[in-house]
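Visitor: Model the structure of this input:
(2 chains)
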Amino acid sequence: MQTILRTPKSAAISLGNSMTTELFFVQLINGIQYGLLLFLIASGLTLVFGVMGILNLAHGSMYMVGAYLVWYFFGVTGSFTVSAVLSALIALALGILIERVLIQRLYNRNHLDQVLLTIGMIFVFNSLQSILFGNDPYGVAVPDALSGSIPFTDNSSYPIYRIFAALICVAIAGLLYYVVSHTRLGMLIRAGESNREMVEALGVNIKVLYTTVFALGVMLAAGSGIIASPMSSIVPGMGESVLITCFVVVVIGGLGSIKGAFVGALLVGLVSTFSAVLLPSISNMIIYISMILVLLVKPQGLCAK
Amino acid sequence: MNKLKIYFVTIVLGFFMSMASNAALASSEIKIGVMQPLSGLYAGPGRSGLDGFLLALKGYANNSHQNSIDVITLDTEAKPARAPELATSLLIQHNADFIFGPAHSGVAMGMIKVLRGKDTVMVIPNAGAAAATGSLCAPNIFRTSFSSWQPSYPMGKVALDKGYKDVYLISWNYGMGRESLEAFEESFEAGGGNVVKKVLIPFPSTNFQPYISDIAAQDPDAVFVFFAGGGATKFVKDYDAMGLRGKIPLLGSGFLTEGTLEAQGEAAEGVLTTLHYAEQLDVPKNLEFRETFHAEYGHYPDIYAVQGYDAGQAIINTINLLNGDVSDKQAVIDTMEKLTINSPRGDFTFSRAHNPIQNIYLREVKDGVNVVKSLAAEALEDPARGCQL
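Guide: Residues are numbered from 1 along each chain as shown, chains lettered A, B, ... in the order given. Coordinates of the predicted model:
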């Protein structure tokens, strides 16, 4: 007969599902960091919808574009910073191009046409990715300066890069807040979100505004792809999985509201992280259940205007 | 007038189409339907398997008999929901003599439900779901890859030999993931091991961060996982980023480090895996195959290419032995069953459930390569639980 002894090596207080205080704290950081990244992506989507009334389903593809571009340039230049800047600039150009050539035609069309065009864009980008970069999973190495970890317990340490990514997201969120509340562009954005026709009627050059906003949205998506690239695997279909979560965030927060995207993103990040450990088998469902609950209680979203 | 024009065009088109299909019937072509993921998350393994398969076909094209081979390629996108519709079209519409595919186990299940017992022979070049050569086995279903049980079962013994008593298990909640963890559990617990926690996360989520933090908190002796492709890349990188590499040994079913080593970089160093193949396997056919593949495609083959190549070999050898006459499906099955496949992984034969009986190797990642450390299991035959053959 065999007796199997299990000696717990870490002496810590257990709460319920053996969630120690250390684990709780780490998961809290994980959830916030994930939420902040989600906010970065979702803010682009909600901004474009709020100001332009266009639901850009190809938003996830922009995230993918950022990631693939940074991987490609990293292979060429060997520098993460240079690759990041190059990729951001190309994303900006791409955003302007798409808006001028394609999105402009959607302004006076109905929602179905928007959906058709942007879904078509998803297919095009996916094929381009397959042709240009191939279908194997890729990775981007964490830049050397940020590759350390902060020791946490005797076993684990928290990667510095994740903390850095979270801080960048906060910085960009702050920048976005500043632009929207304290600049003329921000004023136009807020005005456009409230009443698009009136903005046009007041003689504002709506075309330039829309191009700017769309390009900004694309850069936010591609930027999050760039920031997330050392932490994720760069694979076909990465845009779609991000897009779905993005929708959940935006619906919970309220379509068109950037503050809503922030609240929604943090909520989804924390719920998703904690449910992952406490209820692994249904953790995927929990996010959608939360979305359904919000839709039932407050259909316009938590922070809707 | 317009309606008349439409009718006229339709009739003309219909005429030409029936001419075309008649032309197809006229030459006694052998039709091989391909169902592989050529887009989406599984596109890498899908393309790889197809490349290996086509290489085998090329080697034997224009052989002694006159029959040409017509390959019909369908993209499954690794979506199980599409499987029945695509399989039916290959079976009924195209009258495929052989069906090559799929990569994804969920798709395989969908295909098998349509194809088992039907007038075609299905050869699976990857999907490892146990049921394919288990409870849903059929005379016309063959597999040249592995069953989910095969790569993972020997790792249980490896873990015990290394003195690991408490192991944390994690994988995706789908056929291959669940079955891999169960196979490990079977041999590990039989030898007195203790599974600390078994986590099945929704497929294909790659949000591993919370779980890796949990692993650090649980502090087991080792971790055993099944992940493949993009998920495998991310898991290994996240594991390393959290500082667990080297502190808590990471064990995996071989797919954790197949086709992913370049993307994983240094994070994969020291990871132990068990698989029926390794790129540096010292088997003459392996060296020859790798060079031929590289000459054809410009890069070296991975396990998916090997398996696809072997499926191709199985089909081509059968066609040759029957002198090109594959109309009698029972003869096809009888012939294929008796084959010995001269594979880059070493020679193998089919079990009664039509799954390869093969060696399983223990590999360790060293300097970006899976180095074979030892033979984890010799001529391992999947128990084919529930198979009536």
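Visitor: which strands and helices sit next to the helix or strand bottoming out on mean pLDDT in chain A?
Guide: Least confident helix or strand of chain A, by mean pLDDT, DSSP states H and E, is helix A:196-201 with a mean of 80. Counting by 3 or more C-beta pairs under 8 Å, 6 or more residues apart in numbering or on different chains; DSSP states H and E, the packing neighbours recorded for helix A:196-201 are helix A:184-194, helix A:206-228. Just so you know, the C-beta spots here come from the backbone N, C-alpha and C atoms, and that holds for glycine as well.
Visitor: Return the most buried member of those.
Guide: helix A:206-228 (a mean of 23; mean count of other C-beta atoms under 10 Å in any protein chain shown).
Visitor: Send me that one as CSV with only the CA atoms.
Guide: Backbone C-alpha positions of helix A:206-228 (Å, rounded to 0.1, in the frame of the first residue of the first chain) are rendered in CSV as follows:
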residue,chain,number,x,y,z
ILE,A,206,-16.2,66.8,-41.8
LYS,A,207,-14.0,64.9,-44.3
VAL,A,208,-10.8,65.8,-42.6
LEU,A,209,-12.3,65.1,-39.2
TYR,A,210,-13.5,61.7,-40.2
THR,A,211,-10.2,60.7,-41.8
THR,A,212,-8.3,61.8,-38.6
VAL,A,213,-10.7,59.9,-36.4
PHE,A,214,-10.5,56.8,-38.5
ALA,A,215,-6.7,56.9,-38.7
LEU,A,216,-6.6,57.4,-35.0
GLY,A,217,-8.8,54.3,-34.5
VAL,A,218,-6.6,52.2,-36.7
MET,A,219,-3.5,53.4,-34.9
LEU,A,220,-5.0,52.5,-31.6
ALA,A,221,-5.7,49.0,-32.8
ALA,A,222,-2.4,48.5,-34.5
GLY,A,223,-0.6,50.1,-31.5
SER,A,224,-2.1,47.5,-29.2
GLY,A,225,-1.1,44.8,-31.6
ILE,A,226,2.5,46.1,-31.5
ILE,A,227,2.5,46.4,-27.7
ALA,A,228,0.9,42.9,-27.3
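Visitor: Tell me how many other residues crowd the nearest residue to B:Asn355 once chain neighbours are set aside.
Guide: Nearest non-adjacent residue to B:Asn355, counting by C-beta to C-beta, 6 or more residues apart in numbering or on different chains: B:Thr133, 3.9 Å away. Using other C-beta atoms under 10 Å in any protein chain shown, B:Thr133 has 30 neighbouring residues.
Visitor: check contacts around B:Thr133.
Guide: Residues near B:Thr133 by C-beta atoms under 8 Å, 6 or more residues apart in numbering or on different chains: B:141, B:143, B:147, B:351, B:353-355, B:382, B:384, B:387.
Visitor: Kindly recompute the last result at 7 Å.
Guide: Neighbouring residues of B:Thr133 by C-beta atoms under 7 Å, 6 or more residues apart in numbering or on different chains: B:143, B:147, B:353-355, B:382, B:384, B:387.
Visitor: Name the nearest residue to residue 80, sequence neighbours excluded.
Guide: Here I'm looking at chain A. Nearest to A:Phe80 is A:Pro143, by C-beta to C-beta, 6+ apart, at 4.0 Å.
Visitor: sorry, should have said chain B
Guide: B:Pro80 sits nearest to B:Gly106 (C-beta to C-beta, 6+ apart), 3.5 Å away.
Visitor: Am I right that the one you found sits in a strand?
Guide: No - according to DSSP: H, G, I helix; E, B strand; the rest coil, B:Gly106 belongs to no strand; its state is helix.
Visitor: ok, B:Arg116 to chain A distance?
Guide: Distance check for B:Arg116 against chain A: by C-beta to the nearest C-beta, to the nearest Å, it reads 30 Å.
Visitor: Regarding the residue lying closest to that residue once chain neighbours are set aside, what is its secondary structure?
Guide: With C-beta to C-beta, 6+ apart as the criterion, B:Arg116 has its nearest non-adjacent residue at 3.7 Å, and that residue is B:Ala138. Secondary structure for B:Ala138, judged by three-state DSSP, is coil.
Visitor: quick one: B:Ala138 and B:Lys118 touch, right?
Guide: No - applying C-beta atoms under 7 Å as the test, B:Ala138 and B:Lys118 come out as separate, 8.8 Å apart.
Visitor: higher neighbour count, those two?
Guide: Neighbours were counted for B:Ala138 and for B:Lys118 using other C-beta under 10 Å; B:Ala138 has more, 20 against 16.
Visitor: Which parts of chain A are helices?
Guide: For chain A, the helices defined by DSSP state H cover A:21-52, A:59-77, A:80-101, A:111-133, A:160-182, A:184-194, A:196-201, A:206-228, A:238-253, A:258-278, A:283-297.
Visitor: Pick out the shakiest of those, pLDDT-wise.
Guide: With a mean of 80, helix A:196-201 has the lowest mean pLDDT of the helices of chain A.
Visitor: For that one, give me every contacting residue.
Guide: A:53, A:188, A:191-192, A:206.
Visitor: what's the spacing between that helix and its chain's center?
Guide: How far helix A:196-201 lies from its chain's middle: 29 Å, per C-alpha atoms, centre = their mean, to the nearest Å.
Visitor: Now it: buried residues?
Guide: A:196, A:199 (16 or more other C-beta atoms under 10 Å in any protein chain shown).
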